[in-house]
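# my questions concern the predicted model and sequence given below.
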Amino acid sequence: IGAAGALSSYFLIKALFQLTEPHDAPIIESPLRTLIPKLSEEEIEQLPYPPNVLPGARDVETPYGTIRIYEWGPEDGRRVLLIHGISTPCVSMKSVADTLVEKAGCRVMLFDLFGRGYSDTPTQPLHNLQLYTSQILLALTSSPVSWTGRDNTFTIVGYSLGGGLASTFSSYFPSMVSHVILLASGGLVRQDRISWKSRILYGTEGWLPEGWIRWAVGRRLGKGQTIKERWRERDGMVESDGSDESEADGGQGGGSVFASNANPILGSKYPGSTEAGITNWQLDNCQGFIATFISCIRNAPIHGQHERFRILAKAFDEHNANSERKKKALLLLGSNDPIIMEKEIIPDMQECLGERNLEVLVVKAGHEVPISNGTDVANAI
């Protein structure tokens with residue numbers, strides 16, 4: 001009777017959560033349509049992420065929904081495409097992009113991945129390599145200047161999840177890319193680093209009600225969590241090795257990892273533009289954000305992309321054997337990163353790409369290297 005009662009309770013709870021789950025439309029509109037029209041100009045300027053805070057904004061209609069894109073810099077400058085991570089939209093790459101334009105005269109492009117910031121959320125396809133490869137191509141072809149073709153290549157820069165997307169994209173389209181810059185990159189995160197809580201939460205699709213999973217993930221990502229808990233949740237769901245447990249260690253270990261979470265990404269004019277502030281803003285205003293996050297953890301190229309990296313290495317070798325202009329990858333890491341750890345990612349990436357095709361640079365930072373060390377990243381590029 002006890003087992004039957006427990007089973008009945010399980011199905012009752014599952015049914016109740018299914019009743020409360022949103023009936024997904026094919027496309028969920030971004031705050032650009034659901035929020036911004038309701039606000040005054042003054043209220044818009046007070047947002048953690050105002051829609052026109054970056055130059056060269058445009059909105060591109062696609063079969064998957066609208067993409068928010070920013071592009072600026074000299075039209076004849078070297079092209080650099082920057083792809084952000086799993087939770088914070090493309091403003092996380094602002095410091096890097098600004099420096100590349102101002103100091104190197106580059107032409108830069110950033111865009112919000114589907115389900116973040118001011119891009120819509122497609123609900124029917126999985127948020128996986130196929131979807132985001134399509135989004136990259138759609139963004140590139142929307143430019144008023146040419147980014148592709150026989151005489152045009154671009155450098156691709158990817159941060160965290162964006163690193164997994166940048167490397168796999170380049171393995172499919174190596175002739176389009178001149179260099180691959182990987183910032184605390186996903187793609188090769190070891191499976192044994194996934195926490196047991198995340199295995200239960202994200203690996204039980206069909207067993208637990210999706211409505212409950214969305215509620216739990218929203219709780220883990222949002223308000224009520226410490227900076228450490230929220231930060232560890234948003235970028236990989238991995239077990240700590242114990243090196244980040246001290247919050248007050250003089251900046252020599254774990255405490256410094258989380259320091260830039262309190263610093264406004266967009267500067268003192270926008271005090272709410274911290275990593276946590278922008279994430280909470282998305283939780284409150286981007287209706288597809290949580291479902292997108294869950295789908296990315298389940299389906300995006302965060303783990304297990306070893307073969308795509310080997311294919312990229314082969315493409316580099318074939319090009320470099322016949323050209324004086326060599327192609328390679330740069331891996332840039334934070335020395336205090338508890339997610340993408342240098343003792344793991346460097347040997348794994350060297351095994352896949354080969355030391356001949358890879359440069360490595362480690363800076364004093366946590367996982368958030370483009371936010372805390374934007375100028376260092378731009379100089380390395």
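Nice, I can see it.

# can we go C-alpha only for contacts and neighbour counts from here?
Noted.

# tell me the pLDDT at the residue nearest the centre of the chain?
Geometric centre of the chain, nearest residue: Gly85, 1.2 Å, by Cα atoms, centre = their mean. Note for Gly85: predicted pLDDT of 96.

# same deal with Gly211?
So Gly211 comes in at 87 (pLDDT).

# and it, how many neighbours?
By the other Cα atoms under 10 Å criterion, the neighbourhood of Gly211 contains 18 residues.

# got it, and Pro51?
Residues within reach of Pro51, counting by other Cα under 10 Å, total 16.

# and it, backbone torsions?
With angles defined as degrees, to the nearest 10, Pro51 shows backbone torsions of phi -70, psi -20.

# any weak-confidence spans in the stretch 201-350 of the chain?
Counting by pLDDT under 70, the stretch 201-350 of the chain contains low-confidence residues at 204-206, 223-261.

# and the stretch 1-150 of the chain, by the same measure?
Using pLDDT under 70, the stretch 1-150 of the chain drops low at 1-24.

# now the strands for it?
Secondary structure of the stretch 1-150 of the chain (DSSP state E, counting those that start in this stretch): strands at 27-28, 57-62, 65-72, 79-83, 107-111, 121-122.

# turn those strands into JSON lines, columns for mean neighbour count.
Below are the strands of the stretch 1-150 of the chain laid out as JSON lines (neighbours: other Cα atoms under 10 Å):
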{"stretch": "strand 27-28", "mean neighbour count": "20"}
{"stretch": "strand 57-62", "mean neighbour count": "15"}
{"stretch": "strand 65-72", "mean neighbour count": "22"}
{"stretch": "strand 79-83", "mean neighbour count": "25"}
{"stretch": "strand 107-111", "mean neighbour count": "25"}
{"stretch": "strand 121-122", "mean neighbour count": "26"}
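
# can you add distance to Ala329 and give those back as CSV?
As requested, the strands of the stretch 1-150 of the chain are exported to CSV (distance: least, Cα to Cα, whole Å):
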stretch, distance to Ala329
strand 27-28, 35
strand 57-62, 29
strand 65-72, 23
strand 79-83, 14
strand 107-111, 18
strand 121-122, 31
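
# please name the nearest non-neighbouring residue to Gly304.
Leu188 (5.6 Å; Cα to Cα, 6 or more residues apart in numbering).

# in a helix, the one you found, correct?
No - using DSSP: H, G, I helix; E, B strand; the rest coil, the secondary structure at Leu188 is coil, not a helix.
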